[in-house]
Structure formats: structure tokens, C-alpha cells
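Novice: Any chance you could fold what I've pasted below:
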Amino acid sequence: MIALVLLLTPALTMADVVSFRIGYFVPAAKSDLWQTEFNQMSFTKSDFSTSGFVFSYEYFLSREISISISVDSYTKQKMGEYMDYVGETIDYEDWAFDYGEGWAILHNYSVSITPIQASLKLTPLGRRAKFIPYIGGGVGIYLWGVKMFGDLVDFNEYEIFYDPNIDDYVAGYSVYTVDAREEGKIAFGYHAFAGFMIPIANRISLDASFKYSVAKGNLTEAFEGFEPFDLSGYQISVGINYWF
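Specialist: Here you go, the predicted structure:
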């Protein structure tokens, strides 16, 4: 994001508004990889909501209409354990059982999303009012990645073991070390937003906005068999604008 800001610096002399905001992003997390993690692991969807920085610059085409370019940042990782299984080592191989006092089966799940978005923005009251509401929307390029490393239970690979403690046969699922990475990926999406600005000085205003973004990225070999990864979510942001 810093590199992009430096590249855009020469263009700032042509921009009407430069904005710096702090945003709080809540992922929609509707695709099956997200849901599999939430169903099996100890973390929840709320664990992947986090804050990040937002930079944008805006050029007014008229009193009410402007175009803007913005860059957001979102990165979150969480270590979790399988909620309903414990690990046991049998004949130098690791297995997961749904009962017992074995060791915790852990892995780390990490997601990063950096949207670069172009928007058309409507300011009905113009930019000279004491209260400046706005709405808008547009399209974007999403730079993203997802990683998982640690222990993974393969529920498609299992063996039946006899447990003399309960005098019965039980299923054990294979546990293996995973280091799956999808990095440097690109996806395309769209977004809509609404918010308001309040001038507090000659060239400075407060800014608050709500934005919802929609995007999905294709997973390849590292997560083969999963549907496109959901990059959507909503963001609440607050910050300041500097007017030229």
C-alpha cells in the first residue's frame, strides 16, 4: 500500500480530496473453505474481523459528482484447534479420535485482502455544505491470499482401531502436516458505499462511511476441490479529508 501511495503522489496535485481513514472490516465468509474452518476449529467468524488503514484520493468532475481511487488493507490470522477431536500417535503415525485425552490438533489460518477500488461518488448537497452526505459505488481489483499451516485432519482417510478400554472398535482419522498457500492472487469485484463529511476547518473535514464489497477468488492446487474463496465483506471507516 505504501508503494502505491508513492506512485500516486504526483497525481495528488490534481486531486480535490485526499483521505486517510481507519476501517473495521467484517468478512462475509460465505464460501466453503471459510465455513469448514468455522465448523471444525475453535475460532469463529468474529475472530476474523479487524481494523486496517484506508487511503483514497478524489477528483471532482462537477459540484456533485467525483471519481475516487482507494486502497484498503486487511490481514488476519488465527491459531485454532479442532473442537471435537484429539490426536493420538499409534505406530509412529498420528490419528484423530472423537474422544480421549490426546493432544490438541492445531493449525493456523491466515487471510489477506487488499482492494484497489475505483468509484463514482455522488454528493447531492455539493462540497460547501456544513453536512455533506454522499453515496457511490464502483469496481475494484483485489490482491489476496490465504494460508494454512499446522496439523490437518483428513476425514477421507481413516482406519478402524480396537480400544480395549471401551471394548469396542473406533474410527481414527489421519492427521498430517499441512503448509497450503495461495499468495499473490488477483480477483475482480464491485462495491457500494454511503457516508458523510463534516467540515471542521478551512480545508479539513471528518469522514465516516459504510461500504460493502463483493468479490470471489479462484482457489487452485493448494486448496483443490473448494469453491471460489469469498473476499466479500463490509467495512466501517472514520478519518479525515484534506481538500485542495
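Novice: got the contact list for Gly217?
Specialist: Gly217 makes contacts with Tyr142, Trp144, Glu182, Lys185, Ile186, Ala187, Pro228, Phe229, Leu231, as judged by C-beta atoms under 8 Å, 6 or more residues apart in numbering. (C-beta placed from N, C-alpha, C; glycine too.)
Novice: wait, Asp72
Specialist: Residues near Asp72 by C-beta under 8 Å, 6+ apart: Gly23, Phe25, Gly52, Phe53, Val54, Ile113, Thr114, Pro115, Gln117, Gln235.
Novice: Now do the longest helix along the chain: which elements does it pack against?
Specialist: Longest helix in the chain by number of residues (criterion: DSSP state H): helix 32-40. Packing contacts for helix 32-40, counted by 3 or more C-beta pairs under 8 Å, 6 or more residues apart in numbering; DSSP states H and E, involve strand 229-230.
Novice: run the last query once more with 10 Å
Specialist: strand 74-81, strand 106-122, strand 132-163, strand 229-230 (3 or more C-beta pairs under 10 Å, 6 or more residues apart in numbering; DSSP states H and E).
Novice: Where does pLDDT dip in the chain?
Specialist: Applying pLDDT under 70 to the chain flags residues 1-15.
Novice: go again using 50 as the cut-off
Specialist: 2, 4-14 (pLDDT under 50).
Novice: tell me the angle the longest helix of the chain makes with strand 106-122.
Specialist: In terms of direction (axes from the mean of the first three to the mean of the last three C-alpha atoms, to 10 degrees), helix 32-40 departs from strand 106-122 by 130 degrees.
Novice: quick one: helix 32-40 to chain centroid distance?
Specialist: Remark: helix 32-40 is offset 15 Å from the chain centroid, using C-alpha atoms, centre = their mean, to the nearest Å.
Novice: Now do that helix: everything it contacts.
Specialist: 27-29, 43-48, 78, 80-85, 105, 107, 109, 111, 146, 148, 152-153, 155, 182, 219, 223, 225-230 (C-beta atoms under 10 Å, 6 or more residues apart in numbering).
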